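Visitor: Next come a sequence and a model predicted from it.
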Amino acid sequence: MNSNGLIALLMTGTNVKTNNIQSMIRLLIPLCAVLLALAIGAVMLLSLGANPVSGYATMFGAAFGSLEGFSETTIKSIPLLLVGVGICIAFRANVINIGGEGQMVIGALLSTTVALAFPDIPSLMLIPMVLLAGAMGGAAWGAIAGALKAWFNVSEILSTIMLNIVAVQFMNFLLRGPMMDPAEVARGTGIPQTMRLSPNADLPILIEGMRMHLGVVIALLVAIGAYFLLWRTSMGFRLRAVGYNPDASRYAGISVPKNVTAALAFSGAMAGIAGAILVFGSESHRMVTDGSSTGFTGSAGFNGIVVALLAGLHPLWSIPSALLFGGMLVGANALQRSAQVPSALIIALNGLIVVFVVSSEYFRQRMQPTIRVDLEEKTAEETGGQNG
Amino acid sequence: MADSFAALIIVSTIASGIRLATPFLLASLGEALGQRSGVLNLGVDGVMLLGAFGAYYTVLQTNNPYYGLLIGITIGLILGVFYGFITLNLQAEQGVSGIGIYLFGLGMSDLLFQKFVGTPRPILPFMPLHFPVLSDLPVVGEMLFQHSIIVYIAFALVPVMSFVLNRTTYGLNVRAVGENPEAADSLGVSVMKTRYSAIIIGNGLAGLAGAALAIELGIFQQNLTNAMGFIAIALVYFGAWTPRGVMLGSFIFGLVQAIVLQCKTFGVIPRSASDLAAMAPAIITILALIVVAKRFKQPAALTKPYVRGG
């Protein structure tokens, strides 16, 4: 597995002491990638017969222009942030977790099962229980891929992709079979969804009259927690060490298989929480799918990768990054209503942003040495001055 | 009586297994070529979706499935150039950039479909070919000789690809840059050109696979492939990077799907149980990956960008 690009991303951690120009480039290059994608989006809007300026203005206004809009944006951002933070952890351990989709699904299924099994437990206990169930489901699903990589040398890229497919089919089976809403069965309509889950598990609304719910707070706490995990605990140090240099880690007595598995478990746990929040923060308060591979998640398991990459694999930078992409999703829906531009535009742009951000490593690596040389010369001059 | 009925069902199941295997086979042959040259392409599903839409739209306009195939390939080739540029020239991380291509294809195909078609309209599918004598043979005729042209193209590509990889200079170059690009380069083989060509052909085949799928189904919809492209990538590992192995894997996949479909139509198993059965291919693949990882070696330079003197 090539890790040039990832190592470069790894080095963008905050705790690496660097000079201002370099950190500016770190910020500027991903921003350029987004701007380039938005520019291409503008061309696409033009060719679809929409005015790009007013189009983007509509999007921005819908996402950030009002409290209601912002509330919607935060809701869309929750799964993106959680999956993205998980991706930060995995990628820093040099584990390419493509399995966010499946981990979300399994987390959601396990948390839904808990809510179905214990509907009468009071909210104060049931909500933590369903969230924990989500985390455990996702963690288990991630750990399978981790164990396969660690002990059987199976590429996690492939195993996570396969586990996504297994998870989606398993969900389809459960939601069309044992877990299907009895009312659907009686009516014979057969929409693949559960019954209205226990109101005790509903995530409380934060602001009266809006949809923004407790999930926002949970996602933020998880992001902050992940930051502490990565940079303030020995566990986090081991994860990063294994990602940075597995051989050196092995010599230092760090178990690479264990940490690879742990990275995927942590990563999966966060995706699992995202899945649970998608269920218990939804308006229908059911687990619903349409039978397709992205029917339940809305591609959040993939879009979370975009969030993490743009954030330079940093859990805290993932917060604004997730808000940006959540806002784009909300904006896209507004654009669909006002200018009849299908909201799928945003998925396409997300894809381009991934490609551009990953490709931009090339420029970052090209630009850094020259700057370093400049600075060395400068320090040489300064020290020379002192000597003279 | 019951026996002949069972035989009929078995024959039609195998026949539909062959049909269903075709898109997998085309896509995974392309992916195998790319991987043999040392480049992993995770964007197959996205390329397939764009190829599928392109073909669908073309057939909708022209009523000619062959134009559809051409457009499907062309879209694949163009995306191949793009993917080559980002992974070879810009040396982007292959696993992640492939996901970017997938998302782009997923969104773009849906966008174009909603904008230019809207409600799904069926298109003219391929007519099955009719071979004199052969097609009229009992059992074998229905199983092997009543398919559309794309099925034969796909299966004919297997020996062609084997020959090219194992018996031609080009194939030797592809394998060399996939195993040891430094050595290949020192012998005057252009790593860049060889990998570019493998990626472009591979993506062309992915586009063709999407086109074949859309035309065979006679329809397009959002996320038509439903992660088929990802399975095609796994099939390359399943088949241990050989065209024949890939063909075997694709056929097994097609057959499993056909059996599941058949059971569903006859109501042998309830709908929900067929969802459970649909998990089988992915689970088989995971098990196969464990075996393959132990027994076979992937191309040594897979996913490693080549930097001269680096």
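Guide: Structure's in. What do you need?

Visitor: which stretches of chain A have low pLDDT?
Guide: Applying pLDDT under 70 to chain A flags residues A:1-23, A:367-388.

Visitor: again, only this time at 50
Guide: Scanning chain A for pLDDT under 50 picks out the ranges A:1-5, A:7-9, A:11-17, A:369-388.

Visitor: what does the stretch 151-300 of chain A put close to chain B?
Guide: Contact residues, the stretch 151-300 of chain A versus chain B (Cβ under 8 Å from any Cβ of the partner chain): A:152-155, A:157-159, A:161-166, A:168-170, A:172-173, A:176-178, A:190, A:292-294, A:299. For every residue, glycine as well, the C-beta is placed using N, CA and C.

Visitor: So in chain B, where's the weakest helix or strand by average pLDDT?
Guide: helix B:271-277 (a mean of 73; mean pLDDT, DSSP states H and E).

Visitor: which is the next helix or strand following that helix?
Guide: Downstream of helix B:271-277, the first helix or strand assigned by DSSP states H and E is helix B:280-295.

Visitor: Give the buried residues for that following helix.
Guide: B:Ala280, B:Pro281, B:Ala282, B:Ile284, B:Thr285, B:Ile286, B:Ala288, B:Leu289, B:Ile290, B:Val292, B:Ala293 (16 or more other Cβ atoms under 10 Å in any protein chain shown).

Visitor: separation between the closest residue to the third one other than its chain neighbours and B:Tyr152?
Guide: Counting by Cβ to Cβ, 6 or more residues apart in numbering or on different chains, B:Ala282 lies nearest to A:Ile165, which is 4.0 Å off, once chain neighbours are set aside. Applying Cβ to Cβ, to the nearest Å, one obtains 29 Å for the distance of A:Ile165 from B:Tyr152.

Visitor: These two - which one has more neighbours?
Guide: A:Ile165 (25 against 15; other Cβ atoms under 10 Å in any protein chain shown).

Visitor: What residues does that one make contact with?
Guide: A:Gly102, A:Ser293, B:Ala227, B:Phe230, B:Ile231, B:Met279, B:Pro281, B:Ala282 (Cβ atoms under 8 Å, 6 or more residues apart in numbering or on different chains).

Visitor: Would you check the residues you listed and say which has the weakest pLDDT?
Guide: Here the lowest pLDDT out of these sits on B:Pro281, with 78.

Visitor: Put the buried members of the residues of the stretch 151-300 of chain A next to chain B into a ChimeraX selection.
Guide: To isolate the buried members of those in ChimeraX, using 16+ other Cβ under 10 Å:
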select /A:154,155,157,158,159,161,162,163,164,165,166,168,169,170,172,173,176,177,293,294,299
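
Visitor: if we can go back for a sec, just checking, next helix/strand downstream of the helix or strand containing the residue nearest to B:Ala282?
Guide: Assignment of secondary structure by DSSP H and E places A:Ile165 within helix A:156-176. Per DSSP H and E, helix A:156-176 leads on to helix A:182-187 as the next helix or strand towards the C-terminus.

Visitor: right, and the helix or strand after that following helix?
Guide: helix A:215-232.

Visitor: could you check the angle helix A:215-232 makes with the next helix or strand after that following helix?
Guide: Next helix or strand after helix A:215-232 toward the C-terminus (DSSP H and E): helix A:234-244. Computed by axes from the mean of the first three to the mean of the last three Cα atoms, to 10 degrees, the angle separating helix A:234-244 from helix A:215-232 equals 70 degrees.

Visitor: which other helices and strands contact helix A:234-244?
Guide: Counting by 3 or more Cβ pairs under 8 Å, 6 or more residues apart in numbering or on different chains; DSSP states H and E, the packing neighbours recorded for helix A:234-244 are helix A:4-10, helix A:67-92, helix A:215-232, helix A:246-251, helix A:256-280.

Visitor: want to try a markdown table for the ones you listed, with mean neighbour count as columns?
Guide: Converted to a markdown table, the helices and strands packed on helix A:234-244 look like this (neighbours: other Cβ atoms under 10 Å in any protein chain shown):
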| stretch | mean neighbour count |
| --- | --- |
| helix A:4-10 | 21 |
| helix A:67-92 | 27 |
| helix A:215-232 | 18 |
| helix A:246-251 | 13 |
| helix A:256-280 | 29 |
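
Visitor: show me what contacts residue 129?
Guide: Answering for chain A, as no chain was given. Counting by Cβ under 8 Å, 6+ apart, A:Met129 has contacts A:Val114, A:Phe118, A:Ile121.

Visitor: look at chain B instead
Guide: Neighbouring residues of B:Leu129 by Cβ under 8 Å, 6+ apart: B:Ser135, B:Phe145, B:Gln146, B:His147, B:Ser148, B:Ile149, B:Tyr152.

Visitor: Just the buried residues of those.
Guide: B:Ser135, B:Phe145, B:Gln146, B:His147, B:Ser148.

Visitor: Could you tell me what pLDDT the model assigned to the last one?
Guide: Predicted confidence (pLDDT) for B:Ser148: 88.

Visitor: Could you find the closest non-adjacent residue to it?
Guide: Once flanking residues are discounted, B:Ser148 sits nearest to B:Phe126: 3.4 Å by Cβ to Cβ, 6+ apart.

Visitor: All good on my end, thank you.
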